[in-house]
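Trainee: Kindly return the folded structure for what I paste below:
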Amino acid sequence: MDDELTTALARVRDAFARYPRRAVLGGCPHCEGSVMVDEHDLFSLTISLGSTVGDRDDVKSLLPVLLERLLVSEELYPVIVLGTVSHQEWRTWPRVEQEAVDAYLDAVWRSLLADHPSRLGSFTDPATFLDAACAAGERMQRFLAVWDATLTSSADRHLAAAVSSLNFARPKPGVLGDWLRRDTVRDRLHRAFERDHDAPWADDIARAYDLLGA
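Mentor: Numbering: from 1, shown residues only. The predicted structure follows:
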């Protein structure tokens, strides 16, 4: 885990330290009743956290461990965790808490683009992160602008992989699909191939370049 991520996680812990973690969360009496907080089975908890189990303060108290677990394991779904944050209207939370979540998202995104393949637990690729960020209520363009500005080999390899996974027959490709189909992306892949033509992944870049020209 890089320094920026370590700092972002520490900031999250500090921002939400005032919310005590409860060993047992109150649940809907007609659904689950009281629920034990078991860190060995956080996935089951995240499905109902903040809705039928626990309240907003419980979400905040568990957020540091949930956000860290997303980075070090594949047991949680980023869309579920960050979707819970959205359902709890995190953009209405105190500024220090909003800024901590913002810094976490930015750090995760930059760290993901810095390595190919990704080594960030549940964030397996850019599409997974972007789906989760959208589930949190964030505009995808915020992160795509960073990708545009990150002119590194690893970011280009992620770009080529994203292009290769596109369904070109889909009539409405969505925000990411539209962004990937731009002429500027094809030009960038051409430059990436010229730079990395001797690298083992050069063929992947060339294939993505050709797909955009088809």
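
Trainee: tell me which element the residue nearest the centre of the chain falls in.
Mentor: Note on the chain: the residue nearest the mean C-alpha position is residue 129, at 2.7 Å, using Cα atoms, centre = their mean. Remark: residue 129 resides in helix 126-135, with elements defined by DSSP states H and E.

Trainee: elements contacting the next helix or strand after that helix?
Mentor: Scanning forward in sequence from helix 126-135 by DSSP H and E, the next helix or strand is helix 141-149. With contacts defined as 3 or more Cβ pairs under 8 Å, 6 or more residues apart in numbering; DSSP states H and E, helix 141-149 has these neighbours: helix 95-114, helix 126-135, helix 153-164, helix 174-180. Where C-beta positions appear, they are placed from N, C-alpha and C, glycine not excepted.

Trainee: show me what contacts the residue nearest to the centre of the chain?
Mentor: Shown here is residue 129, whose contacts under the criterion Cβ atoms under 8 Å, 6 or more residues apart in numbering are 78, 108-109, 112, 123, 143.

Trainee: rerun at 10 Å
Mentor: For residue 129, the contacting residues are 70, 78, 82, 105, 108-109, 112-113, 118, 120, 122-123, 143, taking Cβ atoms under 10 Å, 6 or more residues apart in numbering as the criterion.

Trainee: how much space between it and residue 81?
Mentor: Distance, residue 129 to residue 81, using Cβ to Cβ, to the nearest Å: 12 Å.

Trainee: now swap in residue 93 and tell me
Mentor: The gap separating residue 93 from residue 81 is 16 Å, by Cβ to Cβ.

Trainee: Pick out whichever of those two has more residues nearby.
Mentor: In this view residue 93 and residue 81 are compared by other Cβ atoms under 10 Å, and residue 81 has more residues nearby, 24 against 18.

Trainee: Please name the spatially closest residue to the more buried one (chain neighbours excluded).
Mentor: If you skip the residues right next to it in sequence, residue 81 has residue 66 as its closest partner in space, 5.2 Å away by Cβ to Cβ, 6 or more residues apart in numbering.

Trainee: In contact with that neighbour, which residues?
Mentor: In this structure, residue 66 makes contact with 12, 42, 45-46, 49, 59, 76, 78, 80-82, 84-85, judged by Cβ under 10 Å, 6+ apart.

Trainee: Next: residue 63.
Mentor: By Cβ under 10 Å, 6+ apart, the contact list for residue 63 reads 12-13, 15-16, 19, 49, 81, 84-85, 88, 90, 97, 100-101, 104.

Trainee: where's it, which helix or strand?
Mentor: When elements are assigned from DSSP H and E, residue 63 belongs to helix 56-72.

Trainee: Show me which residues of that helix are buried.
Mentor: Counting neighbours by 16 or more other Cβ atoms under 10 Å, one finds that the buried residues in helix 56-72 are 57-71.
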